[in-house]
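**Q** mind folding the following:
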Amino acid sequence: MTKKPHPCGGNTWLVTRTGADVKLKCLTCSHVVMLDRCQCEKSIKKIIPGNGE
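**A** Below you'll find the model as predicted:
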């Protein structure tokens, strides 16, 4: 969960890639965003464990 919601209204994201950059996919509208790791760590509010997909 992120601190600010996405413009579509969703605030849950799926992490699809990690490294120096982090690739996130909005679970509401399927929009893909790439952020640098520092900016991503600041914007995360809560981590919800998944089922290992």
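**Q** can you list the weak-confidence ranges in this structure?
**A** 52-53 (pLDDT under 70).
**Q** strands of that one, start to end?
**A** Taking DSSP state E as the criterion, the chain carries its strands at 13-17, 21-26, 32-36.
**Q** among those, which is the most enclosed?
**A** Highest mean neighbour count of those: strand 21-26, a mean of 18 (counted as mean count of other Cβ atoms under 10 Å). Where C-beta positions appear, they are placed from N, C-alpha and C, glycine not excepted.
**Q** could you give the angle of it to strand 13-17?
**A** 140 degrees (axes from the mean of the first three to the mean of the last three Cα atoms, to 10 degrees).
**Q** strand 21-26: how far from the chain's middle?
**A** When distances are taken as Cα atoms, centre = their mean, to the nearest Å, strand 21-26 is centred 5 Å away from the chain's centroid.
**Q** run through the neighbouring helices and strands of it.
**A** With contacts defined as 3 or more Cβ pairs under 8 Å, 6 or more residues apart in numbering; DSSP states H and E, the packing partners of strand 21-26 are strand 13-17, strand 32-36, helix 37-43.
**Q** let's see 6 Å
**A** strand 13-17, strand 32-36 (3 or more Cβ pairs under 6 Å, 6 or more residues apart in numbering; DSSP states H and E).
**Q** neighbouring strands - and their directions - for it?
**A** Here strand 21-26 has these sheet partners by DSSP bridges: strand 13-17 (antiparallel), strand 32-36 (antiparallel).
**Q** can you redo those strands as TSV with distance to K23?
**A** Formatted as TSV, these follow (distance: least, Cβ to Cβ, whole Å):
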stretch	distance to K23
strand 13-17	4
strand 32-36	5
